[in-house]
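> Give me a 3D structure for the following:
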Amino acid sequence: MKLVECVPNISEGRNRDRIDEVVSAAAAVEGVTVLDVDPGFDTNRTVITFVGDPDSVAEGAFRLIKRAAELIDMSAHTGAHPRMGATDVCPFIPVEGVTMDDCVKIARKVGKRVGDELGIPIYLYEHAASKPEWKNLAVVRKGEYEGLKDRFEDDYWKPDFGPARFNPGAGATAMSAREFLIAYNINLNTKSKDLANDIAFELREKGRAKRSGNIEPHYFKGEMVRYAEGNWPCGQCDFVGKSYDEVKSHTKDLHDIDLDWVNRDLYDRDLNDLDGKTVKRLGTFRNVKAIGWMIPEYGQAQISINLTNYKITPPHVVLEAAREEAARRGIIVTGSEVVGLIPLQSIMESGRFYLERQGGSTGVPVSDVIRTAVQSMGLEDVAEFDPAKKILGLPDPALDQLVALGVREFTDEVSRDSPAPGGGSIAALAGGLGAALSSMVANLSIGKPEFDEVAGELNNMAGRAQVLKDGLVRSVDTDTQAFDKVMDALRLPKDTPEEKKARSQAIQAGYIAAAEVPLETARMCREVISLAHIAAQKGNPNAVTDAGVAALMANAGVKGAVFNVRINLKSIKDEGFRSELDRECQALWDGAEEETSQVVKLVEERISPSK
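Numbers count the residues shown, from 1 in each chain. Modelled structure (predicted):
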């Protein structure tokens with residue numbers, strides 16, 4: 001499946017009817033799913049997130065930009081956030097089955113169409129940028145809407161697409177292909193924009209002007225340091241060179257910073273005219289853009305942050321640095337806020353970070369990890385954080401799935417006169433329960449002093465057990481769904497030779513799937529037995545019987561799943577396929593039996609009255 005995300009930001013955050021009309025323009029495109037609409041009153045800006053296949057997303061983006069241009073008059077717009085157009089930015093992000101190059105092509109395709117048909121100047125940034133310096137959105141948006149009229153008098157600012165003339169109603173739009181961006185705000189117990197900026201400049205990659213003198217605790221109160229003939233200070237330390245080349249070499253060798261890039265690209269300076277210019281001091285984090293502002297709606301200042309690559313700089317790391325910087329200034333971080341969506345991977349990393357800090361296990365259910373992240377980061381400080389709506393990639397089980405049933409309803413469903421759910425689903429459930437018990441034993445041990453030496457191993461085991469547990473729980477339904485494919489194939493018409501051939505092929509494909517699903521269940525269950533073995537050997541001895549039950553359940557899962565593989569193999573014509581799966585099934589069966597016996601023996605020894 002090919003999936004692209006589009007996150008247009010429109011310059012309207014106060015008129016809900018107008019926002020809804022713009023969103024509806026994209027939502028009306030078949031294949032587009034709107035995931036999130038996040039308006040901000042004080043910023044007068046709305047972040048819209050939708051996904052779909054590449055063609056659908058491209059069409060949805062065009063229609064959204066068109067409708068925004070019809071409804072939003074930039075000449076009357078005011079707001080706290082930098083902006084230059086009715087649709088200010090429109091990035092395309094690869095999610096699944098597409099590359100960054102694919103998204104660059106989409107950005108250029110949509111940009112050209114918007115420029116040609118709507119007469120809106122389009123500037124490409126990030127991965128789609130036509131100039132190296134235009135990769136930075138702040139450079140592209142320099143001067144904002146108010147500076148557009150003069151911009152077109154300079155050939156340098158000729159847009160990538162559309163007319164090189166001022167569009168007073170729609171302004172201009174920045175379009176890109178980029179990595180997933182997390183829009184993240186940190187809330188402070190102050191109303192001072194200056195104090196919020198003081199912290200923001202410490203965090204962001206671009207940094208600030210270097211200062212000296214009265215810089216503690218408020219850096220912005222110090223005196224600016226400037227370049228002068230024969231006096232070329234380093235922005236990151238106290239070194240002073242006699243020439244620009246000398247300080248440039250020092251900055252590269254000691255700090256791994258390209259000073260030409262800082263002055264020319266980051267701050268748009270002429271390298272031949274630096275005398276008297278302020279020395280720049282880069283901030284703590286790469287791939288971070290930040291600014292401070294005051295939000296009357298919340299009655300407090302915020303640090304508004306764009307994390308342009310959360311895999312390099314995750315939100316919890318920036319938050320902890322902000323807490324330290326705030327404390328130095330006598331300020332308290334009251335919480336934080338995700339604007340739009342956050343990937344599951346990111347929120348899970350944050351949750352695990354705080355669990356580790358607490359000395360607890362990270363091998364706990366996904367919902368527990370998420371709850372830890374939400375509480376630790378204060379993500380509900382100023383607005384609701386609904387994981388189902390805010391986390392991209394969060395599993396969303398359908399209400400009609402078997403695992404959504406209660407225990408009694410599930411057992412009733414199994415008992416009815418239908419072939420599914422049957423033994424394959426029960427085998428998966430048995431293995432899932434075994435994985436859950438293995439994790440439980442580890443989590444009953446971690447944090448207790450007597451298990452400190454093996455806590456790392458137990459934590460890794462618990463984490464893997466959670467992955468297997470979730471996979472086996474999903475298999476409860478996928479096993480039934482795989483058998484449904486066989487039943488569907490058997491119902492196909494067989495009146496003509498062509499229909500008979502198609503039916504036969506569908507039946508074979510159905511049986512192969514019906515064999516492969518329980519085989520994967522058997523593999524996972526076999527691994528659970530090994531985890532139960534670790535739990536029995538190194539976990540809390542008061543829970544050793546739980547480890548034994550985990551192994552027995554997983555052993556039943558292996559054998560039950562193998563039964564289901566083998567009964568489906570009887571109907572598969574491919575002898576090589578049958579032989580290969582049959583050999584693996586036997587190896588899984590024998591290995592499970594042997595290791596389960598070892599676990600049972602260990603449990604019996606530990607619970608023996610003579611011990």
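> rest of the way, CA atoms for contacts and neighbours
Noted.
> what's across from Q300 in the sheet?
Listed by DSSP bridges, the beta-bridge partners for Q300 are I295.
> Quick check, it in contact with K191.
Yes - counting by CA atoms under 8 Å, Q300 does reach K191; the two are 4.6 Å apart.
> between these two, what contacts are shared?
When CA atoms under 8 Å, 6 or more residues apart in numbering defines a contact, the residues bordering Q300 and K191 alike are M294.
> next helix or strand past the longest helix seen in the chain?
When the chain is scanned for its longest helix (criterion: DSSP state H), the result is helix 497-538. Next helix or strand after helix 497-538 toward the C-terminus (DSSP states H and E): helix 544-569.
> sorry, back to before: okay, the angle between the longest helix of the chain and helix 544-569?
Interaxial angle of helix 497-538 relative to helix 544-569 (axes from the mean of the first three to the mean of the last three CA atoms, to 10 degrees): 160 degrees.
> starting at the chain centroid, how far to helix 497-538?
Taking CA atoms, centre = their mean, to the nearest Å, one finds the center of helix 497-538 at 30 Å from the center of the full chain.
> Equivalent analysis for stretch 153-162, please.
Chain-centre distance of stretch 153-162: 35 Å, with CA atoms, centre = their mean.
> how long is that stretch from one end to the other?
The straight-line separation of the ends of stretch 153-162 (CA to CA, to the nearest Å) is 15 Å.
> Repeat that for stretch 558-578.
OK, stretch 558-578 end separation, CA to CA: 18 Å.
> about what we covered before: packing partners for the longest helix of the chain?
If you count contacts as 3 or more CA pairs under 8 Å, 6 or more residues apart in numbering; DSSP states H and E, helix 497-538 packs onto helix 423-443, helix 455-490, helix 544-569, helix 575-607.
> where among those is the average confidence lowest?
The weakest mean pLDDT among the helices and strands packed on helix 497-538 belongs to helix 455-490, with a mean of 90.
> got the buried residues for that helix?
By 16 or more other CA atoms under 10 Å, the buried positions in helix 455-490 come out as 455, 457-469, 471-486, 489.
> ditto for stretch 350-362
Within stretch 350-362, judged by 16+ other CA under 10 Å, the buried ones are 350-355, 360-362.
> so for it, what's the average pLDDT?
95.
> Stretch 17-36 now?
95.
> circling back to that earlier point, for T43, find the nearest of the helices and strands packed on helix 497-538.
Among the helices and strands packed on helix 497-538, helix 455-490 comes nearest to T43, with 40.6 Å by CA to CA.
> so the closest one versus helix 544-569, what angle?
Using the same axes, to 10 degrees: helix 455-490 against helix 544-569 is 30 degrees.
> Now render the helices and strands packed on helix 497-538 as JSON lines, adding distance to L124.
Listed next are the helices and strands packed on helix 497-538 as JSON lines, based on distance: least, CA to CA, whole Å:
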{"stretch": "helix 423-443", "distance to L124": "49"}
{"stretch": "helix 455-490", "distance to L124": "40"}
{"stretch": "helix 544-569", "distance to L124": "53"}
{"stretch": "helix 575-607", "distance to L124": "51"}
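> Y267: neighbouring residues, count only.
14 (other CA atoms under 10 Å).
> And N15, by the same measure?
A count of nearby residues for N15, using other CA under 10 Å, gives 11.
> closest to V37 among the buried residues of stretch 350-362?
Using CA to CA, the buried residues of stretch 350-362 come closest to V37 at S350, 23.9 Å.
> mind checking how far that closest one is from K389?
Relative to K389, S350 is positioned 18 Å away (CA to CA).
> hmm, back to that, which one, of the helices and strands packed on helix 497-538, ends up nearest to A515?
Taking CA to CA, helix 544-569 is the member of these nearest to A515, at 4.5 Å.
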